[in-house]
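> Fold the following, please.
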Amino acid sequence: MAKAFVVCFSFCFLLALCIVAPSGASDAKVNAKSGVTFSKDVAPIFFENCAECHRPGALAPFSLLSYKDARPWARSIKEKVVNRQMPPWGADPRFGKFENDHSLSESEIATIAAWVDGGAKEGNAKDLPPAPKFASDWKIGKPDAILTMPQEYTLAATSGDQYIDIEIPTNFTEDRWVQAVEIHPGNDRIVHHVIAFVQTPEMTASVKRARSPEAMAKTIYYQDGSLIRVRQDAVVHDDGCNAPNGGVARGSSLELGLPLGFFTPGKDPDVFPKGIAKSIPAGSKIVLQMHYSQTTGKVEKDRTSVGFLFAKEIPERAMMSMGAMNNYFKILPGADNHEVTACFTFGRDAEIHTMLPHMHVRGKDMKYEAIYPDGRKETLLFVPRYDFNWQTMYRLEKPALMPKGTKLIVTAHFDNSERNKYNPAPTKFVRFGDPTYDEMMIGYFDYVAKTPIRKAVTLDTKIYDQYVGNYQIAPNVVVKVEKENNKLMFTVPMQPRVEAYPESESSFFFTAVDAQVTFIKNDKGVTDELLFEYMGRKIRAKRVNQ
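Residues are numbered from 1 along each chain as shown. As a prediction, this is how the structure comes out:
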C-alpha cells in the first residue's frame, strides 16, 4: 500500500503542477524583469499552454484561469518550469517535430520566473485577456455517439491490480468510420489506463477459445485471477528483434480485437487527420480493457464511457494501431539499465502518424528508430525520462514515411534497482504481465498504408470451395480455411477467427490485420499452397489432410 500511495501522490502532484516545460536539460539563468504581472504577462502563457488541464472540472485539481487560483502555487510553478522537471512533455528535442508539443519558450520561462521573483503580482485586471473557451467536457467536441459501460464496476478496498474486459454492444447495423475517439474514465482515482477494442462477431468466439485453460497451457502465459502474466520459466529473449515475430508471443491480454482508442494519464484523445479514419464493422461490439489500480484504500466505483465522432464520408485510407512489443524479456534483480528491444517490419509503403511508449514503473527510457531499405538509420522519437504516471502520445507534425521493408526498432531500458523509488520489488526477476508490479514493453504507433483503402471485388462464392482446408505453416501450426455463410474465414492458433476479402480470384486481404494471402495452384490446377504476407514477411503454407 505504501508503494501505491507513492505512485498516487506522484501522479496527483504532477496534475497539480501541469505546466508544460520545454524539452532538454538547459541550465540557462533566468533574469528577473521589472513590472511582470499575472494579468498582462503570465495569464496569456497559462491560457495557451495550461488551461486545457487547469480549469474547473478538468484533469488537474485546481484552475489557473484566475490570479486567485494561481497565486498559491507560484513558487512551485517556478521551480518545476525552470528546472525542466515537468513531464507532460518527455521527447528529446533533437529528434522529430511534434504538433502536440506545448513546450514553453525560453522567453516564456523567463517571464514566469520573473513574475515569481518579483512578488507574483496581479497587475491591472483590465490587462487580463479573455479566458479560453471549451466547447464541452469532451475535448473532441460533442460526440456523435457515446457508449457507456452497462453497469458500474466496484473495486474492493483491499483489491490489487485488476484487468477487466467490459463488452459494450454498438448496435450498428452498418459499417461506421470513426474520425475521433475519446475515452472518459468514470473514476480517475482507480482507472490507470483503458484500451478500446473493436471486436467483430467472428472474433468473439476465437477470443474465448484463446482464453481457455487448454489454449493458455500452450503459451508462455498463465492466468492469475483477472491478470495474464508470463511464466517465470518461459523462454527469454531480451532482444526481440531476433526472437519470433519481432518479440510478440501470441496469447496476451492485448489480443481482444482491433485497437480503436487509448486512455492513459496525460494522453490526448485519438483524432485522425482528414481523409483517414478507423472502421467499426456492423454488428461489432466495443471491448474496454480496464486496468484498475487501488490507490485510495476505499471501495471505489467506475463507469467509463467512450465517445466517437464519425467521418462524414468514406475515408481515403484507414488508420491502423500497432505495437512493437517484446513479451519474452526477463529483467534481472537489481539491474539498473536492463535493455529490451522489439521490432516491426512494414510490408507495404506506410506513414507513421503517432507514437506512444508504454512501460510500467521500472520503465526508464524508450527510443523508436527506423532502418530503411537503403540502410539509412533514423531516430524518430527518444523519451529519455519515461514517466509511468504521465504517458504521452507523440503526434508528428509531418507523418514519417516508412517504405516497404523498413524495420522499426524500439529499444527500452528498465531500472530494477533500489535507486528506483517506484520499484515495488528490486530483488525479483520481472517478466511481462498485466499488473503494475510486472512490466510491459510496447512501442505503440498509428500508421496508414500509402495505398488507398482496399475494396473487395464480387466473386462467385463457389470459388471458395477449392480453398477450404488446412494449411501447415510450421510444425504443429495449422491454418484452417473455412467457408461459412458465403464468407471465407481463417483461423490461426491463438488468434481471432477473421474474414478474408477477395481482391481477385486467388488473392485476399484482411481488415483485422494489415496482411494478405494468395492461394497457389500446382501444375494440375489444384490449390495446394498459400502465401501469407505480413510484417514484411512471406510465409508459405502447404495444404495438409487432417
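> mind checking the SS state of residue 480?
Recorded secondary structure, residue 480: strand (DSSP: H, G, I helix; E, B strand; the rest coil).
> Enumerate every residue touching it.
Residues in contact with residue 480 (CB atoms under 8 Å, 6 or more residues apart in numbering) are 470, 490-491. C-beta: built from backbone N, CA, C; applies to glycine.
> Buried subset of those, written for PyMOL?
Per 16 or more other CB atoms under 10 Å, the buried members of the contacts of residue 480 correspond to this PyMOL selection:
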select buried, resi 470+490+491
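> Look at stretch 515-533 and report the distance between its end residues.
Using CA to CA, to the nearest Å, one end of stretch 515-533 lies 6 Å from the other.
> Give the buried residues for that stretch.
515-517, 519, 527, 530, 532-533.
> coming back round to it: looking at the contacts of residue 480, which one is closest to residue 318?
residue 490 (19.2 Å; CB to CB).
> Next up, the contacts around the nearest residue to residue 433 once chain neighbours are set aside.
Excluding the flanking residues, the one nearest residue 433 by CB to CB, 6 or more residues apart in numbering is residue 229, at 3.5 Å. Applying CB under 8 Å, 6+ apart to residue 229 gives the contacts 221-222, 431-435, 438.
> Please repeat the previous calculation with a cut-off of 7 Å.
Residues near residue 229 by CB atoms under 7 Å, 6 or more residues apart in numbering: 221-222, 431, 433-434, 438.
> on that earlier part again, how about TSV for the buried residues of stretch 515-533, with secondary structure added?
Output for these, formatted as TSV (three-state DSSP):
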residue	secondary structure
515	strand
516	strand
517	strand
519	strand
527	strand
530	strand
532	strand
533	strand
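> Which parts of this protein are helices?
Taking DSSP state H as the test, the helices found in the chain are 2-16, 43-49, 67-70, 74-82, 106-117, 201-210, 213-216.
> Flag every buried residue along the third one.
Across helix 67-70, burial judged by 16+ other CB under 10 Å covers 67, 70.
> avg pLDDT for it?
Averaging pLDDT along helix 67-70 yields 92.
> Specify which member of the contacts of residue 229 is nearest to residue 465.
Comparing the contacts of residue 229 against residue 465 with CB to CB places residue 221 closest, at 36.9 Å.
> On the pLDDT front, check the closest one for me.
pLDDT recorded at residue 221 is 95.
> what's the answer for the one 3 residues further on, then?
On the pLDDT scale, residue 224 is placed at 92.
> picking up where we left off before, looking at the buried residues of stretch 515-533, which two lie furthest apart in space?
Of all pairs in the buried residues of stretch 515-533, the most separated under CB to CB is 515 and 527 at 18.8 Å.
> so where's this structure uncertain?
Residues of the chain that meet the criterion pLDDT under 70 lie in 1-34, 57, 59, 85-87, 135-136, 253, 493-496, 512, 535-536, 546.
> Please parse it into its domains.
2-127, 461-544 (automatic domain parsing).
> thought residue 392 was touching residue 88?
Yes: counting by CB atoms under 7 Å, residue 88 is a contact partner of residue 392 at 6.3 Å.
> joint contacts of these two?
Counting by CB under 7 Å, 6+ apart, the contacts common to residue 392 and residue 88 are residue 266.
> Need the contact partners of stretch 199-213.
215, 251, 255-257, 281, 283-285, 287, 489, 491, 494-499.
> Just the buried positions in it, please.
For stretch 199-213, by 16+ other CB under 10 Å, it's 199-200, 202-204, 206-207, 209-211.
> what does stretch 233-253 give?
Residues 234, 237-241, 243, 245-253 are the ones in stretch 233-253 that count as buried (16+ other CB under 10 Å).
> about what we covered before: filter the contacts of stretch 199-213 down to the buried ones, PyMOL style.
To isolate the buried members of the contacts of stretch 199-213 in PyMOL, using 16+ other CB under 10 Å:
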select buried, resi 215+251+255+256+257+281+284+285+287+489+491+494+495+496+497+498+499
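> Next step: the contacts of stretch 199-213 restricted to strands.
Members of the contacts of stretch 199-213 lying in strands (criterion: DSSP state E): 285, 287, 489, 491, 498-499.
> would you list those residues in CSV and tack on distance to residue 185?
Converted to CSV, the ones in strands among the contacts of stretch 199-213 look like this (distance: CB to CB, whole Å):
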residue, distance to residue 185
285, 20
287, 16
489, 36
491, 35
498, 30
499, 33
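> Can you tell me which of those residues comes closest to residue 64?
Distances from residue 64 to these, taken as CB to CB, are shortest for residue 287 (36.9 Å).
> Wait, that closest one touches residue 164, no?
No: in terms of CB under 7 Å, residue 287 does not count as a neighbour of residue 164; the distance is 10.4 Å.
> Out of the helices of the chain, which is closest to residue 193?
helix 2-16 (12.1 Å).
> Can you redo the domains of the chain as TSV, where the extra columns are distance to residue 383?
TSV is the format used below for the domains of the chain (distance: least, CB to CB, whole Å):
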stretch	distance to residue 383
domain 2-127	4
domain 461-544	24
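> Ok, which of those comes nearest residue 366?
domain 2-127 (9.3 Å).
> before we move on, back to that, which stretch among the domains of the chain approaches residue 306 most closely?
Closest among the domains of the chain, using CB to CB: domain 2-127, at 17.0 Å.
> Pull out the buried positions in stretch 367-379.
If you call a residue buried by 16+ other CB under 10 Å, then stretch 367-379 has these buried ones: 367-371.
> Just the C-alphas of it, formatted as PDB.
Presented in PDB, the C-alpha positions along stretch 367-379 are these (Å, rounded to 0.1, in the frame of the first residue of the first chain):
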ATOM      1  CA  LYS A 367      13.600   5.000 -28.400                       C
ATOM      2  CA  TYR A 368      12.000   4.500 -31.800                       C
ATOM      3  CA  GLU A 369      14.400   4.000 -34.700                       C
ATOM      4  CA  ALA A 370      13.800   3.200 -38.400                       C
ATOM      5  CA  ILE A 371      16.200   1.300 -40.600                       C
ATOM      6  CA  TYR A 372      15.200   2.000 -44.200                       C
ATOM      7  CA  PRO A 373      15.700  -0.500 -47.100                       C
ATOM      8  CA  ASP A 374      18.700   1.500 -48.300                       C
ATOM      9  CA  GLY A 375      20.500   1.000 -44.900                       C
ATOM     10  CA  ARG A 376      19.900   4.500 -43.500                       C
ATOM     11  CA  LYS A 377      19.000   4.700 -39.800                       C
ATOM     12  CA  GLU A 378      16.900   7.500 -38.300                       C
ATOM     13  CA  THR A 379      15.700   8.200 -34.700                       C
END
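> Many thanks, we can stop here.
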